[in-house]
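> Attaching a predicted model along with its sequence, questions to come.
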Amino acid sequence: MIIGSCSIELHLPESLSLKDKRQIIKSVKERIRNKFNVSVAEVDGNDLWQRAVLGVGIVANDQKFANQVLTQVVEQVKRERRVVLLDYHLEIY
């Protein structure tokens, strides 16, 4: 069993309140979940209006597949118009 995780740090320049942030993050998480069938959660920066850290996880039977899916998730986040990708970190166990 292979477990892949990815931590994605985001800046949300359009967010002017926590309500705005929740709406943007919810939309991003739903798109990732629906397109890639992975687990996604906001794992840090909960009290900050314009910052968020998303945690993405996948369980697979092939290390190459897990890495490929997480890389595609990062590319999808880069294309999101309402967020700016600041940093990310991939780990495969």
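Perfect, thanks for sending it.
> tell me the SS of the most centrally placed residue in the chain?
Central residue of the chain (CA atoms, centre = their mean): Leu54, 4.2 Å from the mean position. Following DSSP: H, G, I helix; E, B strand; the rest coil, the label given to Leu54 is strand.
> Please report how far it lies from Pro13.
Counting by CB to CB, to the nearest Å, the separation of Leu54 from Pro13 is 16 Å. The way it works is simple: take the backbone N, C-alpha and C, and place the C-beta from them, glycine included.
> before we move on, what about Ser27?
Counting by CB to CB - Ser27 and Pro13 are separated by 15 Å.
> between these two, who's got more neighbours?
In terms of neighbours (other CB atoms under 10 Å), Ser27 is the more surrounded of Ser27 and Pro13; the figures are 13 against 9.
> give me the element that one is part of.
In this assignment (DSSP states H and E), Ser27 forms part of helix 18-36.
> again, but for Glu14
In this structure, Glu14 is located outside every helix and strand according to DSSP H and E.
> what's the angle from the helix or strand harbouring Glu9 to helix 18-36?
Taking DSSP H and E as the definition, one finds Glu9 inside strand 2-11. Angular relation of strand 2-11 and helix 18-36 on a 0 to 180 degree scale: 150 degrees, by axes from the mean of the first three to the mean of the last three CA atoms, to 10 degrees.
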